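Could you look at this predicted model? Sequence included:
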Amino acid sequence: MGLSLEYIEGQTPIDEDEKEGLLIKTISTRGELDEFEQANIQDAVEWSIRRKFTKEQILTEDFILIVHKRMFGSVWEWAGKKRKTNKNIGVDKTHITVEIRKLLDDCRFWIENNTFQPDEIAIRFSHRLVKIHVFPNGNGRHSRLIADILISNVFNRPVFTWGHSDLAKKSSVRTEYLNAIHKADYDDYDALIMFARK
């Protein structure tokens, strides 16, 4: 039957060839996919909470890939692998590695020089990661978990609340989140930081 998906504003469509990477062949609806992905993500969250990571561990390309693999590896074959196609968002696929390296270098600089407050460093990192759009799908969810890992491990602060909502579902909270993301696109991070701590 195949996987048939509908998308809401801000979601990146999964290419047909990427759909072939679905590991659970009985999944055929968005609801079923969401359920399996959420269970996998919860496992990744628990994994991240049970461990203590150093700044040096977190700020590597390998760690970025490992977290995505932990979040989606039970559902998608391409979990933890950089996308091979261009999307409706993100840098050209050939620039992903260079942009990740730039982001990691920038984040190290921000931390070492106290360029921004801790929350802003984590939110800027998360936002830039989404703009690069490293993976075929799951970039927003991945970037939020990375921000949580960064803020809790490097700065010893509580993880973000992200509006106390499932941001993968259409809602007024998701709209508020997307509006804050759009402001951050123009280097105004206040709304996104406030939303993350709401």
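Sure, I can see it. Residues are numbered from 1 along each chain as shown.

From the chain's centroid, how far away is the lengthiest helix in the chain?
If you go by DSSP state H, the chain has its longest helix at helix 30-50. Here helix 30-50 is found 13 Å from its chain centre; the criterion is Cα atoms, centre = their mean, to the nearest Å.

buried set for it?
Of the residues in helix 30-50, those with enough neighbours to count as buried (16 or more other Cβ atoms under 10 Å) are 33, 36, 37, 40, 41, 44, 45, 48. For the C-beta atoms, the positions are set from N, CA and C on the backbone; glycine is no exception.

what about the second one, distance to residue 74?
Residue 36 sits 7 Å away from residue 74, going by Cβ to Cβ, to the nearest Å.

Could you do the first one as well?
When distance is defined by Cβ to Cβ, residue 33 is 12 Å away from residue 74.

can you list residues touching both of residue 36 and residue 74?
The contact sets of residue 36 and residue 74 overlap at residue 24 (Cβ atoms under 8 Å, 6 or more residues apart in numbering).

So residue 166: helix, strand or coil?
coil (DSSP: H, G, I helix; E, B strand; the rest coil).

Sorry, slip of the keys, the one I care about is residue 26.
Under three-state DSSP, the three-state class of residue 26 is coil.

Report how many residues lie close to it.
When neighbours are counted by other Cβ atoms under 10 Å, residue 26 registers 8.

Could you check how far it is from residue 16?
Distance, residue 26 to residue 16, by Cβ to Cβ: 19 Å.

That's all I had, so thanks and see you.
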